[in-house]
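> everything below, folded, please.
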Amino acid sequence: MDDLLASVTKRCEAAGQSHILAHLSDNSISQEEKLSFLKSVDEIPLEKLSDFLNGALEEEEKLKNFDPANVPAEEQIEPFHGKSASTATTDADELASLKEAHEVGMKAVQNGEVATLLLAGGQGTRLGYDGPKGMYDIGLPSGKTLFEFMAERIKKLGQLSGKGDKAIPFYIMTSPLNHKMTTEYFAKHDNFGIDVIFFPQGTLPSLTPEGKMILETPTSLAVAPDGNGGIYPAMVKHGIISDMKSRGIKYIHAFGVDNALVKPADPTFVGYCISSNADCGNKVLWKTSPGEKVGVVASKGGKPCIVEYSDISKEMSERRGEDGRLVFGAGNICNHFYTIDFLENVVVPNLGNMYHVARKKIPYYDAEKKETVQPPENNGIKLESFIFDVFPLSLTMAVLDVERKDEFAPVKNAPGADSDSPDTARLLFSNVAMDWLTKAGAILVGDTESDLCEVDPLTSYNGEGLEQWKGKTIKCPFTI
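A predicted model of the protein is given here:
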């Protein structure tokens, strides 16, 4: 322990963080506790904390003084200039192009070049569920969880590709809070028969406004997850990019855990991005109204980015194109494509340049009272980053607009909420099942407004393989 203590002490002194070591001389603290504390401090990028904070504070100040009506030319917000397409198009040429893109995507799956990447660090707290959000059951007859739906869609797509159940690796980023429960859940279900790789999201110490790390107890720091943008440093730390390269992966489809209708490794999206020679891609939903509170894809200073709804003027939010659609309407739903080259050679070298300030009430250790204090108001800063912070680094970003009713059933709010709840997600899921059967030629009778209709992911990935139901009468609700 002496060597570790000497190393950590030297690094803390150089970083101006020696105060966190003040209690190591306390003989009432066990050697085991001290060693655990020193190991945790040793993992922190102490030398970079000051730069992280200063960059985040500069951004905070800039946003505080932001005036949408008076933006410098180099930061001018404009509609996205890159390549885009829509699955809702009626244009024959564009439809033919998307059909070709689907074939390109399937070929990439067959070649073992596609991986899926799930952001699963969230808890089900807002749903009234004590556990990882991915283990939540939205109430369909099968009782399947969000994790299970995603895993089985991946399995089915592997089968459709002809390369088997494990054709598409499923990388899952957990959080320190839910890593154990998530891995145990998958182990209990034998990973649902697919290839699953887990790695935890990182954390960063909470800081005072002056940049000092905050002790929560004499031998533990106040830490917090580093935001969903923490997926990039976590991939580096845990060797995920190297693992992908060793498998021959060239393309990654990343998405969040709270969409019950997500299509993992979607061949159309993946193939569209490949065909577009995109280094990065974003699957979006077009906003239904100017006031819809969602970030949108745009260009700032000529670079692609996500602009929050609060950062564009009323005129911009209401502006429409010749097609009648909102010009700033490409709503972000955390559904992204990357090439492995983009992650390794562009994103990784720029890590650390994209943190944001979140001012929070941080519990802290009061040495005089010898207890942890819960502050009544914000006293510290959590540093976080967003997964889309890397978009401005892209040189060839592509955007695919998809239909909300087919691909987006968010599960964010508690049962009974008017939107984004398990109830609304279940109805959307049920509507997709009925739509697939209707398109297959089935005749639906009974309760055609039911929210309990279900086509199992192992039966169909995206409405294919249902020809046997043509001309047959199916009573709703149903499970197929």
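
> so how far is stretch 383-395 from its chain's centroid?
In terms of CA atoms, centre = their mean, to the nearest Å, the centre of stretch 383-395 is set 12 Å apart from its chain centre.

> kindly export that stretch (C-alpha atoms) in CSV.
Provided in CSV are the C-alpha atoms of stretch 383-395 (Å, rounded to 0.1, in the frame of the first residue of the first chain):
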residue,chain,number,x,y,z
LEU,A,383,-19.6,16.8,-15.0
GLU,A,384,-21.5,14.9,-17.8
SER,A,385,-21.3,14.5,-21.5
PHE,A,386,-23.9,13.5,-24.1
ILE,A,387,-23.6,10.7,-26.7
PHE,A,388,-24.3,13.3,-29.5
ASP,A,389,-21.4,15.5,-28.4
VAL,A,390,-19.3,13.8,-31.0
PHE,A,391,-21.5,14.7,-34.0
PRO,A,392,-19.5,17.9,-34.8
LEU,A,393,-16.5,15.7,-35.4
SER,A,394,-18.3,13.9,-38.2
LEU,A,395,-17.4,14.8,-41.8
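
> buried residues in it?
Leu383, Glu384, Ser385, Phe386, Ile387, Phe388, Asp389, Val390, Phe391, Pro392, Leu393, Ser394 (16 or more other CB atoms under 10 Å). In this view, the C-beta of every residue, glycine as well, is placed from N, C-alpha and C.

> got the contact list for that stretch?
With contact meaning CB atoms under 8 Å, 6 or more residues apart in numbering, stretch 383-395 is reached by 52-53, 56, 119, 204, 207, 224-232, 254, 278-280, 282, 295, 297, 300, 303-306, 332, 334, 336, 342, 346-347, 350, 354-358, 397.

> any of those buried? List them.
By 16+ other CB under 10 Å, those give 52-53, 56, 119, 204, 207, 224-232, 254, 278-280, 282, 295, 297, 300, 304-306, 332, 334, 336, 342, 346-347, 354-358, 397 as buried.

> which ones among these map onto strands?
Residues of the buried ones among the contacts of stretch 383-395 located in strands (DSSP state E): 119, 204, 224-225, 254, 280, 282, 297, 300, 304-306, 332, 334, 336, 356-358.

> got the end-to-end distance for stretch 274-293?
30 Å (CA to CA, to the nearest Å).

> give me the distance from it to the chain's centre.
The answer for stretch 274-293 is 15 Å, by CA atoms, centre = their mean.

> repeat for stretch 411-420
Offset of stretch 411-420 from its chain centre (CA atoms, centre = their mean): 19 Å.

> and it, which residues are buried?
Val411, Lys412, Asn413, Asp420.

> now do Asp341 against Asn277, distance only.
Relative to Asn277, Asp341 is positioned 12 Å away (CB to CB, to the nearest Å).

> my error: substitute Lys212 in the last question.
47 Å.

> just give me the neighbour total for the residue nearest to Ile197 when sequence neighbours are not counted.
Leaving aside its sequence neighbours, Ile197 sits nearest to Tyr171 (CB to CB, 6 or more residues apart in numbering; 4.9 Å). Neighbour count for Tyr171, taken as other CB atoms under 10 Å: 23.

> which of the three states applies to Tyr171?
strand (DSSP: H, G, I helix; E, B strand; the rest coil).

> what about the stretch 301-450 of the chain, any weak spots by pLDDT?
Scanning the stretch 301-450 of the chain for pLDDT under 70 picks out nothing.

> helices of that one, start to end?
Assigned by DSSP state H, counting those that start in this stretch, the stretch 301-450 of the chain shows helices spanning 314-318, 340-342, 404-407, 422-439.

> pick the most buried one from the ones you listed.
helix 422-439 (a mean of 21; mean count of other CB atoms under 10 Å).

> show me what that helix is packed up against.
helix 404-407, strand 443-446 (3 or more CB pairs under 8 Å, 6 or more residues apart in numbering; DSSP states H and E).

> so which of those comes closest to Ala151?
helix 404-407 (17.8 Å; CB to CB).

> what lies in contact with the closest one?
Thr87, Asn259, Leu261, Val262, Lys263, Lys283, Leu285, Thr288, Leu428, Asn431, Val432, Asp435.

> can I get the residues you listed in CSV with distance to Asp195?
Output for these, formatted as CSV (distance: CB to CB, whole Å):
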residue, distance to Asp195
Thr87, 28
Asn259, 22
Leu261, 23
Val262, 18
Lys263, 18
Lys283, 23
Leu285, 30
Thr288, 38
Leu428, 29
Asn431, 31
Val432, 26
Asp435, 31
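
> of those, closest to Met106?
Checking the contacts of helix 404-407 one by one against Met106 (CB to CB), the nearest turns out to be Lys263, at 12.8 Å.

> could you list the low-confidence segments of the stretch 1-150 of the chain?
Looking at the stretch 1-150 of the chain by pLDDT under 70, you get 66-69, 71, 74.
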